[in-house]
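1. with the sequence up front, the predicted model follows.
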Amino acid sequence: MTRFSTISAIFLAGSFATLLVILHTPSQPMKSEFDESQFNVTTQKMVVSYCSFKRTLTATLELLAQGKTSLEEARNRVYESALHYHPGYLEHIAKCERGTTPQERVARNLIGHVRSLEERNPTIYVRVSALEIEFADMQRRVNAGMPQS
């Protein structure tokens, strides 16, 4: 029993000494390499860049749905905007759209966006059919080795 009491006393004294050292050691402020102002500037640039891309995409989709621009022109406009303002769009559609080139995936994505308008405007299927024909023609030209515009 004496041995147990001695070991317990040593353990208790050690724990008490550790607590005293911890409590009396002045805490130093955490130095963070996180610069909040730089984070805010970077985030703001990303938001502005995304909004620029989104504006281009939205305007292009409206023109495409109304038949005021060709699929090829719309594809080129959105592709260039994505390269410049929002490369994440191209990465995203590479995962979710079929196609061998980014341009083909952008064209497929645009047709899909216009097709999604059928719920609100049932007559849009005529425009979707025309876009699918234009897409098939674009693919024939690519497969034949003709340059894309």
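-> Perfect, I can see it now.
2. do you know how far the spatially most central residue of the chain is from residue 82?
-> Taking C-alpha atoms, centre = their mean as the criterion, residue 88 is the residue nearest the geometric centre of the chain, at 4.5 Å. To residue 82, residue 88 is 8 Å away according to C-beta to C-beta, to the nearest Å. From N, CA and C alone the C-beta is placed, and that goes for glycine too.
3. just checking, residue 128 touches residue 115?
-> Yes. Distance between residue 128 and residue 115: 4.9 Å, which falls inside the contact criterion (C-beta atoms under 8 Å).
4. so how far is the longest helix seen in the chain off the chain centroid?
-> Determined from DSSP state H, the single longest helix within the chain is helix 36-66. Mean C-alpha position of helix 36-66 versus that of the full chain (C-alpha atoms, centre = their mean, to the nearest Å) differs by 11 Å.
5. same deal with stretch 85-104?
-> 11 Å.
6. just the terminal-to-terminal distance for that stretch.
-> Stretch 85-104 has an end-to-end distance of 19 Å (criterion: C-alpha to C-alpha, to the nearest Å).
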